[in-house]
Each structure stands twice: as structure tokens, then as C-alpha cells.
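Peer 1: Below are the sequence and a predicted model for it; my questions follow.
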Amino acid sequence: MDLKKFALIIAVIATASFTNVYSQTSKEAKSQKTEAKSDSIQKGPKIKLDKPLFDFGDIKLAKSAEFDITLKNDGNEPLILLRVQGCCGGKVTDYTKSPILPGKTGSIKLEVSLYTTGVIQKTITVMSNDPENPALRVRVKANVVS
């Protein structure tokens, strides 16, 4: 056999072997990445709002108004609302105190003092056992009309 043919055969065999090993290693790495990603997405409770700003539109001027805010547990363990705190004329009158099971919803009731007409904006801080978002800020907006 000619030396050139022998070298060519060895090169083809080496390339095929390297491609096979690289392909298997690449598949294993992708598989491990996918498993790690799915583990990190689903672990623990996960607080979720339908929207970052609850805009209640026009409301009539009165002594106060009450707003209902719904949140959901998108995690795979119970979500616990540890503390819910209003600010600047907004008072939390009630919130879900029992654990919110995965896929279920909880609620927050906010009472806002209305002193004058115009746009009002309030912020609520929701402290929970969500490891990725332990202090969620919820914004509420409304336009007070006479």
C-alpha cells in the first residue's frame, strides 16, 4: 500500500472518531444545560403579577376607595406572603395569609385615602418566601374624578 493512501485512511478514521466524540460530548452538555435550566425555573415558590401596574382608571372622589390585587404562585412549592405593606396614604386592609399553593392565586386589598381629584399612584411592598423576588413592589394607579 502506498504511504499517501495509508496517511489518507488514517486521517479519515481520526476525523470520523473526533466528530463522533465531539457530537456525543456536545449532546451531553446540551442535555445537562437543559436539565439545569428546568431545575432552576421550577424550584421553590414564584410570585407573579398579571401586570406590573394596576391601573384602575377613573374612580369617583370619596373618602376612600378599595382596590383588589391578585397574584399567582408560578412555582412548585407553596408561596407565603410574609408581610404586605402600603405606603403614602395606601393601607393594606387584608391579604392572603395562608400558603398559596402552586398554580393558585392570592389577593391583596388596598384602601386608599382620596383627598382631591387627579391621578394617584401608590406602591405596595409584598415580602414573601420567593427566593428570586423576596420584596416585590406592586404599583397601583387611578384617576380620581368628581
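Peer 2: Good, I have the coordinates.
Peer 1: Distance from the strand or helix carrying Val112 to the middle of the chain?
Peer 2: In this assignment (DSSP states H and E), Val112 forms part of strand 105-113. Strand 105-113 has its C-alpha centroid displaced from the chain centroid by 20 Å (C-alpha atoms, centre = their mean, to the nearest Å).
Peer 1: Do I have it right that Asp94 meets Lys109?
Peer 2: Yes: if you go by C-beta atoms under 8 Å, Asp94 and Lys109 touch, sitting 4.4 Å apart. The way it works is simple: take the backbone N, C-alpha and C, and place the C-beta from them, glycine included.
Peer 1: circling back to that earlier point, for the strand holding Val112, packing partners?
Peer 2: Applying 3 or more C-beta pairs under 8 Å, 6 or more residues apart in numbering; DSSP states H and E, one finds that strand 105-113 contacts strand 64-73, strand 81-85, strand 90-95, strand 118-128, strand 135-145.
Peer 1: Including mean pLDDT, distance to Lys46 and mean neighbour count, could those strands go into a markdown table?
Peer 2: Output for the helices and strands packed on strand 105-113, formatted as a markdown table (pLDDT from 0 to 100; distance: least, C-beta to C-beta, whole Å; neighbours: other C-beta atoms under 10 Å):
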| stretch | mean pLDDT | distance to Lys46 | mean neighbour count |
| --- | --- | --- | --- |
| strand 64-73 | 89 | 7 | 16 |
| strand 81-85 | 94 | 13 | 16 |
| strand 90-95 | 90 | 18 | 16 |
| strand 118-128 | 90 | 10 | 17 |
| strand 135-145 | 90 | 11 | 16 |
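Peer 1: So which of those strands is nearest Pro52?
Peer 2: Closest approach to Pro52 among the helices and strands packed on strand 105-113 (C-beta to C-beta): strand 135-145, 6.6 Å.
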